[in-house]
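> Sequence first, then the predicted structure:
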Amino acid sequence: MATIVKSPLLGKKVLYVKGAPEIVLDLCKNVPVAKEDIHKQLLEYQNKAMRTLGFAIQLSLFFTIFVMLQFWNLFNAKAFMTGKSAFASLGACKGILFIAAVILAGQWLIVTFAGDMFNVDPLPAIDWIIIIAGTSLVLWIGEIFRLFQKK
């Protein structure tokens, strides 16, 4: 199970995950102790018939989803109150294309290389694809809305 909540301790939204400790642990990249030590401790608890629950947080997904939602809204803002598609004359909008490229490149660089500074972990390519496709719904819903507004 996963949920996104605003952490009063961190002052930002965080993705929290709970589940079987072995599964949650295998999904974690930055673990402060050796995974073997955790597995050993879990085995001791399980041998005593103690129930265990794994718990982890992930900032990279939330951070990237938030940025990508704003990225797609950049195109919606371009089309705001024009009655035209966000794609209309997009090639002539060099400033917006430049900003879009900087946002995409910057987000990838931050998540991939600046993990210690931003407390994030690199995302695998499949996560990037899912995030980009999923958050692009913001743009497509705007396009559908504008399409029906014309008529």
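Arrived safely. Numbering: from 1, shown residues only.
> now K18, what's its secondary structure?
strand (DSSP: H, G, I helix; E, B strand; the rest coil).
> so it makes contact with L53?
Yes - taking Cβ atoms under 8 Å as the definition, K18 is a contact partner of L53 at 5.9 Å. In this view, the C-beta of every residue, glycine as well, is placed from N, C-alpha and C.
> what about those two, which has more around it?
More neighbours surround K18 than the other of K18 and L53, with 13 against 9 (other Cβ atoms under 10 Å).
> what's the pLDDT at the more buried one?
At K18, the model reports a pLDDT of 76.
> how near is T3 to S60?
Relative to S60, T3 is positioned 16 Å away (Cβ to Cβ, to the nearest Å).
> what are the phi and psi angles of K6?
When read as degrees, to the nearest 10, the backbone of K6 gives phi -80, psi 120.
> how close does it get to S89?
To S89, K6 is 39 Å away according to Cβ to Cβ.
> Okay, now the unreliable bits of the protein?
For the chain, the stretches with pLDDT under 70 are 8-14, 29-32, 55-58, 150-151.
> What does the residue lying farthest from the centre of the chain show for phi and psi?
Most distant from the centre of the chain: K48, at 38.2 Å, with distances by Cα atoms, centre = their mean. For K48, the backbone dihedrals are phi -90, psi 10 (criterion: degrees, to the nearest 10).
> how far away is it from C93?
Counting by Cβ to Cβ, the separation of K48 from C93 is 64 Å.
> domain assignment for this structure?
2-58, 61-150 (automatic domain parsing).
> between T3 and S60, who's got more neighbours?
Taking neighbours as other Cβ under 10 Å, T3 and S60 compare with S60 leading, 21 against 9.
> Surely the more buried one is in contact with W128?
No - in this structure, S60 is not within contact of W128 by Cβ under 8 Å, at 10.5 Å.
> check contacts around the residue nearest the centre of the chain.
In the chain, the C-alpha closest to the average C-alpha coordinate belongs to L61, at a distance of 2.6 Å (Cα atoms, centre = their mean). Contacts here follow Cβ atoms under 8 Å, 6 or more residues apart in numbering; on that basis L61 touches L15, L123, D127, I131.
> What of I110?
F118, V120.
> Now do it against P122, distance only.
With the distance defined as Cβ to Cβ, I110 ends up 10 Å from P122.
> mind listing the strands in this structure by residue range?
2-7, 12-19, 54-58 (DSSP state E).
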